[in-house]
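Enquirer: using only what follows, build the 3D model:
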Amino acid sequence: MSKASPLDKIAACAAFLLGLAAILGALGSQYLGGLQPCELCLEQRLPYYWGLPLLALVLLLWNRLPLPVWYVAMAIVAALFAWGAWLGIFHSGVEWGFWPGPTACSGTGAGLNLSLDSLNDLQPVIGCDVVQFRFLGLSLAGYNALVCLGVVVLLASAVLFQARRTRR
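Expert: All right, here's what the predicted structure looks like:
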């Protein structure tokens, strides 16, 4: 890969830091703030769990990766966070009642097994349509969608900066 311009690496680092702050905030709200995640909340964390380590690896190997490998890795991370944005938008729509959520966290509870063995293993089930926290009218799912879109924009900027540099 050609020597990176400052703007492409700055944009990629900003994407990493934004994503890291978001997942640490989600984990902090759960373990320190007492907010229990629903099924969709947990699924929205997957792009962070997969994308941030890959982006960290790209950042660590920045000038040693062949350019095609760099582009593929950046595209994979951007696709993961685009998926995260879609999940955040979907979850927000479930919260606002625009469409139904998964039956596992917003169903009626039909078929519930309450045997003595299952009662010992009960965990609180938070409905995907239940908003536990809003700030300025947006739930955490809405903020997740915005953060993921921000990461995608920053990664796309890094790719464009790199592409412009390699054309020279």
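
Enquirer: what helix or strand does residue 8 sit in?
Expert: Remark: residue 8 resides in helix 6-31, with elements defined by DSSP states H and E.

Enquirer: go on, residue 158?
Expert: Following DSSP H and E, one finds residue 158 within helix 140-167.

Enquirer: what's downstream of the helix holding residue 8, the next helix or strand?
Expert: Once helix 6-31 ends, the next helix or strand along the chain (criterion: DSSP H and E) is helix 39-44.

Enquirer: elements contacting that following helix?
Expert: Taking 3 or more CB pairs under 8 Å, 6 or more residues apart in numbering; DSSP states H and E as contact, the helices and strands that helix 39-44 lies on are helix 67-96, helix 103-106, helix 140-167. C-betas here are computed from N, CA, C, even on glycine.

Enquirer: tilt between the longest one and helix 140-167?
Expert: Right, the one you point to is helix 67-96. Angular relation of helix 67-96 and helix 140-167 on a 0 to 180 degree scale: 160 degrees, by axes from the mean of the first three to the mean of the last three CA atoms, to 10 degrees.

Enquirer: export the helices and strands packed on helix 39-44 to CSV and tack on distance to residue 32, mean neighbour count and mean pLDDT?
Expert: Formatted as CSV, the entries for the helices and strands packed on helix 39-44 read as follows, by distance: least, CB to CB, whole Å; neighbours: other CB atoms under 10 Å; pLDDT from 0 to 100:
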stretch, distance to residue 32, mean neighbour count, mean pLDDT
helix 67-96, 22, 19, 90
helix 103-106, 23, 15, 65
helix 140-167, 14, 19, 90
